[in-house]
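Undergrad: what shape does this take:
(one chain, ligands or ions: 1)
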Amino acid sequence: MSVSFSELGLSKPVLDAIADQGYETPSPIQAQAIGAVLSGKDVMAAAQTGTGKTGAFALPIVHMLNAHPQRPKPNHVKALILTPTRELAAQVAQSVLLSHKYTNMNSTVAFGGVSINPQLKSLRKGSDVLTATPGRLLDLYSQNAIKFTDLSILVLDEADRMLDMGFIHDLKRIMKLLPTKRQTLLFSATFSDDIRQLAKQFIKDPIEISVTPKNAAATTVEQHIVHVDKSNKSKLLATLIADNKWQQVLVFSRTKHGANRIAKQLNAKGLTSLAIHGNKSQGARTKALSDFKSGNLRVLVATDIAARGIDIDLLPNVVNYDLPHVPEDYVHRIGRTGRAGATGSAVSFVTNEDGKQLKAIQNLIGQHINVLEVAGLSEKPSTQAPIRAPKPKRPKRVKRD
Ligand code: AMP
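TA: Numbers count the residues shown, from 1 in each chain. From the prediction side, this is the model:
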């Protein structure tokens, strides 16, 4: 039997905000995490994007801060949410804003790639909740725009990706600036050894929560591979979109340059398309994403980092134009589709140079991915290597400094 939001102990302004967002029952991560967060203890939660993880921390944080209604002092921050990317920061900040709309609280967001001045101004009045990317946060701190003495809650969102993106030193610097007496919540797609190492440094006696089996691909996603010659990839993509009448498709490219080229080729075939990646301005990225969400843009081509955390309801199709470098990214990528019980499709293009990568992916997810034949374009499938069951990891030896 599933619990209701009110049974989780959330107050009326939060429940009203939940009703406005159209959520009827807590998602599994919310059902487990909200009570844990409200208990005041540190929390480590394993949950991917699409599980409702943002609400799992935003809703109880609003509840707790609203119970102490003193306004934040100028430049002070009571709760800090750190995210790896600008897009995720914007998305999380939006969710926080919606969650406290029936309170007197205020929240703001700060990320790089845009002018710092509006952020300096917005922080001046003090924030109950600040959502930020690590680099810009440190920048703002060095300009005396943020004070942490009243901080009581820290959230590390998509902690695994923060480590992948090399934010460990920034995180350590930030941690030194925060009061040690605080509640820390860590959300991560997986609890890798690196994450546990990070948690050991910053988290005390946490409640652990997990709603997705480690590295298991979502069962509602139909996965296929197409064996294709490199030179036919572009044609294959256009054919799949047209033949299947896909109206919204997220395409993953390994490189920024490749993403631009794919978008250009699709546009030339009359399929509206834009690329997002780290070299695009924040404005261009935000515009591409909102056009894609509103349905004005049929194809969004993204690199892994740009796509991380993109939240699009019911995104039906994902194409891996290039297989990811890191097999775990395959799971993240296809996690973009098939959400909330809806069925999604993920098609991966495999060239004869990709054998090793495909094998690594199939070993990770513990299954062979079915082959899709596309007349005139797919190649003869090469023989597939047997799947190894994932080996249990040996416990790491503890290093002494
Ligand atoms: P997240 O994993 O936080 O990125 O959330 C994924 C999507 O699920 C977002 O579009 C949310 O608006 C939506 N969502 C979050 N919580 C719920 C809920 N309890 N019921 C229905 N949808 C939800």
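Undergrad: so Thr108 belongs to a strand, correct?
TA: Yes: counting by DSSP: H, G, I helix; E, B strand; the rest coil, Thr108 is found in a strand.
Undergrad: pLDDT wise, what is it at?
TA: Thr108 is assigned a pLDDT of 97 by the prediction.
Undergrad: hang on, Leu80 in a strand?
TA: Yes: the assignment for Leu80 is a strand, going by three-state DSSP.
Undergrad: how near is it to Arg124?
TA: Separation of Leu80 from Arg124 (CB to CB, to the nearest Å) stands at 17 Å. In short, each C-beta sits where N, CA and C put it, glycine included.
Undergrad: ok, those two, which is more surrounded?
TA: Counted by other CB atoms under 10 Å, Leu80 and Arg124 do not tie: Leu80 has more neighbours, with 23 against 11.
Undergrad: which stretches of the stretch 1-150 of the chain form strands?
TA: Along the stretch 1-150 of the chain, the stretches classed as strands by DSSP state E, counting those that start in this stretch are 43-46, 77-82, 107-110, 127-132.
Undergrad: other SSEs contacting whichever strand or helix holds Gln197?
TA: Using DSSP states H and E, the element containing Gln197 is helix 193-202. With contacts taken as 3 or more CB pairs under 8 Å, 6 or more residues apart in numbering; DSSP states H and E, helix 193-202 sits against helix 159-164, helix 168-177, strand 183-188.
Undergrad: now do 10 Å
TA: Applying 3 or more CB pairs under 10 Å, 6 or more residues apart in numbering; DSSP states H and E, we find helix 193-202 packed against strand 43-46, strand 153-156, helix 159-164, helix 168-177, strand 183-188.
Undergrad: now do the longest one against strand 77-82, angle only.
TA: Compare the direction of helix 168-177 with that of strand 77-82 by axes from the mean of the first three to the mean of the last three CA atoms, to 10 degrees and you get 170 degrees.
Undergrad: what mean pLDDT does helix 168-177 have?
TA: Rounded mean pLDDT across helix 168-177 is 95.
Undergrad: got the buried residues for it?
TA: Across helix 168-177, burial judged by 16 or more other CB atoms under 10 Å covers 168, 170-171, 174-175.
Undergrad: go on, stretch 23-42?
TA: With the criterion 16+ other CB under 10 Å, stretch 23-42 contains buried residues 26-38, 42.
Undergrad: same question for stretch 243-259.
TA: Buried residues in stretch 243-259, defined by neighbour count with 16+ other CB under 10 Å: 246, 248-254, 256, 258-259.
Undergrad: report the two of these separated the most.
TA: Using CB to CB, those span at most 23.5 Å, a distance reached by Trp246 and Lys256.
Undergrad: after the helix holding Gln197, next one along is what?
TA: Following helix 193-202 toward the C-terminus (DSSP H and E): strand 207-210.
Undergrad: burial check on Ile225, number of neighbours?
TA: Counted with other CB under 10 Å, Ile225 comes out at 24.
Undergrad: next one: it from Asp304, what distance?
TA: 18 Å.
Undergrad: flag the shaky bits of the stretch 51-200 of the chain, pLDDT-wise.
TA: Scanning the stretch 51-200 of the chain for pLDDT under 70 picks out no residues.
Undergrad: which residues of the stretch 51-200 of the chain lie near the ligand?
TA: Within reach of the ligand by CB under 6 Å from any ligand atom, the stretch 51-200 of the chain has these residues: 51-55.
Undergrad: recalculate using a threshold of 8 Å.
TA: Residues of the stretch 51-200 of the chain lying close to the ligand (CB under 8 Å from any ligand atom) are 51-56, 91-92, 95.
Undergrad: wait, which of those is closest to Val347?
TA: Distances from Val347 to these, taken by CB to CB, are shortest for Thr51, at 23.2 Å.
Undergrad: just checking, the closest one touches Pro28?
TA: Yes: Thr51 sits in contact with Pro28 when judged by CB atoms under 10 Å, with a separation of 7.1 Å.
Undergrad: circling back: just send the buried residues of stretch 243-259 back as JSON lines, with secondary structure too.
TA: Output for the buried residues of stretch 243-259, formatted as JSON lines (three-state DSSP):
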{"residue": "Trp246", "secondary structure": "coil"}
{"residue": "Gln248", "secondary structure": "coil"}
{"residue": "Val249", "secondary structure": "strand"}
{"residue": "Leu250", "secondary structure": "strand"}
{"residue": "Val251", "secondary structure": "strand"}
{"residue": "Phe252", "secondary structure": "strand"}
{"residue": "Ser253", "secondary structure": "coil"}
{"residue": "Arg254", "secondary structure": "coil"}
{"residue": "Lys256", "secondary structure": "helix"}
{"residue": "Gly258", "secondary structure": "helix"}
{"residue": "Ala259", "secondary structure": "helix"}
